[in-house]
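S.K.: Sharing a sequence plus its predicted fold:
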Amino acid sequence: MLVEALVDRRRHDVRDEPARLEASDALGSGEHADRGEVAGRAVIEVEDLATGTRLPPSDVLIWTLDGARLVVRPSGTEPKLKIYAEAVVPVDDDVVSARRAAATIVDEILVAATALLTSHGL
């Protein structure tokens, strides 16, 4: 689950193999794992960049959601987490409406992620 993985990540150095495995288990990395949802959007995939399979190893967690993505990483200079969100919205003829819809989705994801983290003391 999102919050448990972040709490676990904050307690351990990600270079510590058992801690990384714990975080992966908490994220529900199995093929049939119940990954839940964020802001009402199903979690499709969870990626822990500590393994360095696609990019160089880094302390970053990525949740691919239905039509969006949530990225969480620790700050490099302060004891806090950084949260990023992006949304994919089809653009027909009205770019302004698509941008407005994407901004709404991003706001919903950031509010939900912040609430989850805050409720767990992060």
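M.R.: The structure has been received and is ready for your questions.

S.K.: pLDDT of stretch 83-101, averaged?
M.R.: Averaged across stretch 83-101, pLDDT comes to 93.

S.K.: meant to ask about stretch 46-58, not that
M.R.: 84.

S.K.: Give me the distance from that stretch to the chain's centre.
M.R.: 13 Å (Cα atoms, centre = their mean, to the nearest Å).

S.K.: same question, stretch 89-96
M.R.: 26 Å.

S.K.: contacting residues around it?
M.R.: Residues from elsewhere that reach stretch 89-96, judged by Cβ atoms under 8 Å, 6 or more residues apart in numbering: 67, 98-99, 101-102, 105. Just so you know, the C-beta spots here come from the backbone N, C-alpha and C atoms, and that holds for glycine as well.

S.K.: Any idea how far apart the tips of that stretch sit?
M.R.: Stretch 89-96 has an end-to-end distance of 11 Å (Cα to Cα, to the nearest Å).

S.K.: Could you tell me which residues within stretch 57-72 count as buried?
M.R.: Buried residues in stretch 57-72, counted by 16 or more other Cβ atoms under 10 Å: 59-65, 67-72.

S.K.: Secondary structure element for the residue located most distally from the centre of the chain, which one?
M.R.: The outermost residue of the chain relative to its centre, with distances by Cα atoms, centre = their mean, is Asp93 at 30.9 Å. Element membership of Asp93 [criterion: DSSP states H and E] is none; it lies in no helix or strand.

S.K.: Now for the buried residues of stretch 57-72: which two are most distant?
M.R.: Using Cβ to Cβ, these span at most 25.9 Å, a distance reached by Asp59 and Gly67.

S.K.: Can you give me the distance of the residue nearest to Ile62 when sequence neighbours are not counted to Glu78?
M.R.: Once flanking residues are discounted, Ile62 sits nearest to Glu47: 4.3 Å by Cβ to Cβ, 6 or more residues apart in numbering. Distance of Glu47 to Glu78, computed by Cβ to Cβ, to the nearest Å: 24 Å.
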